[in-house]
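J.: My questions concern the predicted model and sequence given below.
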Amino acid sequence: GGDHLTPFAHAGLPWLREQDFSRLTAPALVVAGDEDDLPLTTRGAEWTTDPYVLSPGDKSLLTLFGAQHFLGGISGHGAAETTDENPARVALVQRVTLAYLRHALGIDSSAWNAARATLADGRHPLGRLESK
């Protein structure tokens, strides 16, 4: 938000002006595409990682390589439009999200631990997973 918003976003989306993630203390998984260059900010794709970077507490960030805003094709139920169709990327988001939820809810952490091990070093062709 703030000075990093484009004139379009500043004028039309007032709730983005004063974003504050300091009270986002609950554990969370943030998913971002490294090519998500939204017309809302002058900072580029890194802007979408602010909930991870600027919030306290346990957070994880799944960064999808080559992904734009629809993360490979996730635009909504029954919607077919996307700017970066990639079924493998969509499947990765599905697997990691399910693994995270099962871990966060205390059901089973084995898939989450496996995802973290597989995606931690950034050498996976689809993305990187980091946690703090």
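T.: Nice, thanks for sending it over. Residues are numbered from 1 along each chain as shown.

J.: State the phi and psi torsions of the nearest residue to Arg43 once chain neighbours are set aside.
T.: In space, Arg43 comes closest to His4 once its chain neighbours are excluded; the distance is 4.8 Å by C-beta to C-beta, 6 or more residues apart in numbering. For glycine as for every other residue, the C-beta is placed from the backbone atoms N, C-alpha and C. Main-chain torsions, His4, degrees, to the nearest 10: phi -90, psi 0.

J.: Do I have it right that His4 meets Trp47?
T.: Yes - with contacts counted by C-beta atoms under 8 Å, His4 reaches Trp47, the gap being 6.6 Å.

J.: tell me the SS of the most centrally placed residue in the chain?
T.: Centre of the chain computed as the mean C-alpha position; nearest residue by C-alpha atoms, centre = their mean is Val31, 1.7 Å away. Three-state assignment for Val31 (DSSP: H, G, I helix; E, B strand; the rest coil): strand.

J.: Which neighbouring elements make contact with the lengthiest helix in the chain?
T.: Longest helix of the chain, by residue count under DSSP state H: helix 87-104. Applying 3 or more C-beta pairs under 8 Å, 6 or more residues apart in numbering; DSSP states H and E, we find helix 87-104 packed against strand 28-33, strand 59-64, helix 110-119, strand 127-131.
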